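Trainee: after the sequence you'll find the predicted model.
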Amino acid sequence: MSKKRNQVIVVHGGAGNWPEERSVPGLKGVQRSAKTGFEILRTGGSAMDSVTEAVANMEDDGLFNAGYGSSLNIEKKVEMDASIMDGKTLQAGAVALLRDIKNPVRFARLVMEKTDHVFIAGEGADKLAKVFKVQRRNPVTQQRLEQYNQQKKLLLEGKTGLPRVMELIKANPSLQTMDTVGAVALDKDGNLAAATSTGGYALRLSGRIGDSPLIGCGNYADNTTGACSATGIGEIAIRLVLAKTVCNNLEKGDTAQKATVQAIKLVNTKMPGPYNSMGLIAVDKHGRIGAAHNSPNICWAYMTTKTKKPVASLTAKITKETL
């Protein structure tokens, strides 16, 4: 009789600053997400189903910067992105610049399963959503409106004219919301999957697309190595193809933990400076988990066949070293 495989799900609710008033709700949120995803695994469901529903759970929460509760861009509009990848087939789906889709991650999966494409954005995505009768919802919350008004006021109070958004964020890091959500999972058949969803960072330019919908940057999954989901500064994850970098480290023989730490060290080496906040979660083909970040916090949780309930934390392996 073969040894029973360890089923695993790891989720994150975003890297960055998690102040006290948000930390308890955040931890409860990622615990609910992990429990949702693991229940699917426990009852024989696939890794794809697990990460889809774990991420959708966080998109519906209202606390995280994805789905309901997404941040607003410079034009006071929501533009959401998401992607998903199947480690068994290397099939993937991605969507971007969504205005009112209830669960971008489910829509990304439809793109993967129902079209010949990987990535659909903007007006084309909106038309496709109508064809698939994708559920819609106004994603703007009162909290995000209040945050937008505060951030915009500070932006306009610049004494030397209109400062660059990034300079404002550097001077006021608590304004930044990088609560991208994501999940990685390993099922009973040894199949891996990864999913990531985001509302993007506040006050970004209209039309900006970050790493979350970019396969290899925001997430990656391959049954021969592992699965990874990234959170933080999207432009950094894009330049370093960060999720695929983690999987490349796994291919070289690193454990999931070492693979994420090495990738964060790469961020610190290649992209030094105050504006390089990143976090990573991963699971390898053996079911070992990894999580690392150079940000003050990462809100994350995991659950396996060896744990009775989700284990959640606001920190993982904080990595400040370089390569």
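Mentor: Alright, I've got the coordinates. Residues are numbered from 1 along each chain as shown.

Trainee: run a quick neighbour tally on residue 47.
Mentor: If you count neighbours by other C-beta atoms under 10 Å, residue 47 ends up with 33. Yep, even glycine has a C-beta here, placed from its N, CA and C like the rest.

Trainee: just the pLDDT for it.
Mentor: Note for residue 47: predicted pLDDT of 98.

Trainee: might you report the residue contacts of it?
Mentor: Applying C-beta atoms under 8 Å, 6 or more residues apart in numbering, we find residue 47 in contact with 41, 86-87, 185-187, 191-193, 221, 227.

Trainee: so which of these is the most crowded?
Mentor: Using other C-beta under 10 Å as the neighbour test, the contacts of residue 47 are led by residue 227, with 36 neighbours.

Trainee: what about it, is that helix, strand or coil?
Mentor: Recorded secondary structure, residue 227: strand (DSSP: H, G, I helix; E, B strand; the rest coil).

Trainee: where exactly do the helices run in the stretch 1-150 of the chain?
Mentor: Counting by DSSP state H, counting those that start in this stretch, the stretch 1-150 of the chain has helices at residues 20-42, 47-59, 104-114, 122-131, 142-156.

Trainee: which among these is found nearest to residue 76?
Mentor: Ranking those by their distance to residue 76 (criterion: C-beta to C-beta) puts helix 142-156 first, at 6.1 Å.

Trainee: what angle separates that closest one from helix 20-42?
Mentor: Calculated by axes from the mean of the first three to the mean of the last three C-alpha atoms, to 10 degrees, helix 142-156 forms an angle of 130 degrees with helix 20-42.

Trainee: helices or strands next to helix 142-156 in the packing?
Mentor: Here helix 142-156 touches helix 165-171, going by 3 or more C-beta pairs under 8 Å, 6 or more residues apart in numbering; DSSP states H and E.

Trainee: CA atoms of the next helix or strand after the helix it packs on as CSV?
Mentor: Where DSSP states H and E defines the elements, the next helix or strand beyond helix 165-171 is strand 181-186. Extracted as CSV, the C-alpha positions of strand 181-186 are listed here (Å, rounded to 0.1, in the frame of the first residue of the first chain):
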residue,chain,number,x,y,z
VAL,A,181,-4.2,37.6,-2.0
GLY,A,182,-3.0,34.2,-3.2
ALA,A,183,-3.0,30.4,-2.6
VAL,A,184,-0.9,27.4,-3.5
ALA,A,185,-2.0,23.8,-3.0
LEU,A,186,-1.0,20.1,-3.4
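
Trainee: one step back: tell me which of the helices of the stretch 1-150 of the chain is the most buried.
Mentor: Highest mean neighbour count of the helices of the stretch 1-150 of the chain: helix 47-59, a mean of 28 (counted as mean count of other C-beta atoms under 10 Å).

Trainee: count the residues that sit near residue 278.
Mentor: When neighbours are defined as other C-beta under 10 Å, residue 278 has 29 of them.

Trainee: for it, grab phi and psi.
Mentor: When quoted as degrees, to the nearest 10, the phi and psi of residue 278 stand at phi -140, psi 150.

Trainee: what sits against the closest residue to it other than its chain neighbours?
Mentor: Beyond its immediate neighbours in the sequence, the residue positioned closest to residue 278 (C-beta to C-beta, 6 or more residues apart in numbering) is residue 232, lying 3.6 Å away. Listed by C-beta under 8 Å, 6+ apart, the contact set of residue 232 reads 15-16, 178, 180, 277-279, 293, 295.

Trainee: the helices of the stretch 1-150 of the chain: which one's closest to residue 254?
Mentor: Within the helices of the stretch 1-150 of the chain, the stretch nearest residue 254 is helix 47-59; the backing value is 20.7 Å (C-beta to C-beta).

Trainee: the closest one vs helix 104-114, what angle?
Mentor: Between the direction of helix 47-59 and that of helix 104-114, the angle (the same axes, to 10 degrees) works out to 150 degrees.

Trainee: could I have helix 47-59 exported to PDB, CA atoms only?
Mentor: Listed next in PDB are the C-alpha coordinates belonging to helix 47-59 (Å, rounded to 0.1, in the frame of the first residue of the first chain):
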ATOM      1  CA  ALA A  47      -5.600  21.500  -6.100                       C
ATOM      2  CA  MET A  48      -7.200  23.700  -8.800                       C
ATOM      3  CA  ASP A  49     -10.500  23.700  -7.000                       C
ATOM      4  CA  SER A  50      -8.800  24.400  -3.700                       C
ATOM      5  CA  VAL A  51      -6.900  27.500  -4.700                       C
ATOM      6  CA  THR A  52      -9.800  28.800  -6.700                       C
ATOM      7  CA  GLU A  53     -12.200  28.800  -3.700                       C
ATOM      8  CA  ALA A  54      -9.500  29.800  -1.200                       C
ATOM      9  CA  VAL A  55      -8.800  33.000  -3.200                       C
ATOM     10  CA  ALA A  56     -12.500  33.600  -4.000                       C
ATOM     11  CA  ASN A  57     -13.100  33.500  -0.200                       C
ATOM     12  CA  MET A  58     -10.700  36.300   0.300                       C
ATOM     13  CA  GLU A  59     -12.100  38.200  -2.700                       C
END
